[in-house]
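In: Sharing a sequence plus its predicted fold:
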Amino acid sequence: MTDVLVLNASYEPLQRVSVRHAIGMLYRQVAVVEEEVDGSRFGPYPMPRVLRLVRYVVMKWVHRGTPPCTKAGIHARDRVCAYCGGRATTVDHVLPRSRGGGSTWHNLVSACTKCNERKGNRTPAEAGMKLRVTPYAPSYLQLKALRARR
């Protein structure tokens, strides 16, 4: 077991934490075990699979703005190569970094290695390639839903 799901007091999923962190939460009595691993204990505590917080935590940060742009987020948003529709294994800058393109939601797309190498240090138009997706910045809730579809 590598991690433990932490639920808010209202049973909304918040995050995943390490088993060590989860045991610390039980010790501090900020959480209770909702689901345990059968037959496993850690001292006086059952080995947790799911914890629930004792007090409600306001999650304003989840509903505001856009999440940070990460490779995992780009892959969750695009799912497939933005150029050929194949299996995406890497991330490509639509406007290359050498030409001022940043690592932003609007400039990054998922790509397969073949298409990424073919495009090289050019724009899609210069490389004679078309984007099948339109890059956009998802909200926290959209990204959470996209990751849940995996």
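Out: The structure has been received and is ready for your questions. Numbering: from 1, shown residues only.
In: Quick check: mean pLDDT of the longest strand belonging to the chain?
Out: The longest strand of the chain (DSSP state E) is strand 31-42. The average pLDDT for strand 31-42 rounds to 91.
In: Contacts made by that strand with the rest, please.
Out: For strand 31-42, the external contacting residues (C-beta atoms under 8 Å, 6 or more residues apart in numbering) are 1, 6-7, 19, 22-23, 25-26, 45-54. C-beta coordinates here come from the backbone N, C-alpha and C atoms, glycine included.
In: counting contacts, what elements does the very next helix or strand once past that strand pack onto?
Out: Counting by DSSP states H and E, the next helix or strand C-terminal to strand 31-42 is strand 45-53. On a contact count with 3 or more C-beta pairs under 8 Å, 6 or more residues apart in numbering; DSSP states H and E, strand 45-53 meets strand 3-7, helix 19-27, strand 31-42.
In: Now that we have those, can you turn them into JSON lines and tack on mean neighbour count and distance to residue 72?
Out: Shown next, in JSON lines, are these (neighbours: other C-beta atoms under 10 Å; distance: least, C-beta to C-beta, whole Å):
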{"stretch": "strand 3-7", "mean neighbour count": "19", "distance to residue 72": "16"}
{"stretch": "helix 19-27", "mean neighbour count": "17", "distance to residue 72": "21"}
{"stretch": "strand 31-42", "mean neighbour count": "14", "distance to residue 72": "26"}
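In: Out of those, which is closest to residue 111?
Out: strand 3-7 (29.6 Å; C-beta to C-beta).
In: sorry, back to before: may I see the helices and strands packed on strand 45-53 organised as JSON lines, with distance to residue 144 added?
Out: JSON lines is the format used below for the helices and strands packed on strand 45-53 (distance: least, C-beta to C-beta, whole Å):
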{"stretch": "strand 3-7", "distance to residue 144": "14"}
{"stretch": "helix 19-27", "distance to residue 144": "21"}
{"stretch": "strand 31-42", "distance to residue 144": "20"}
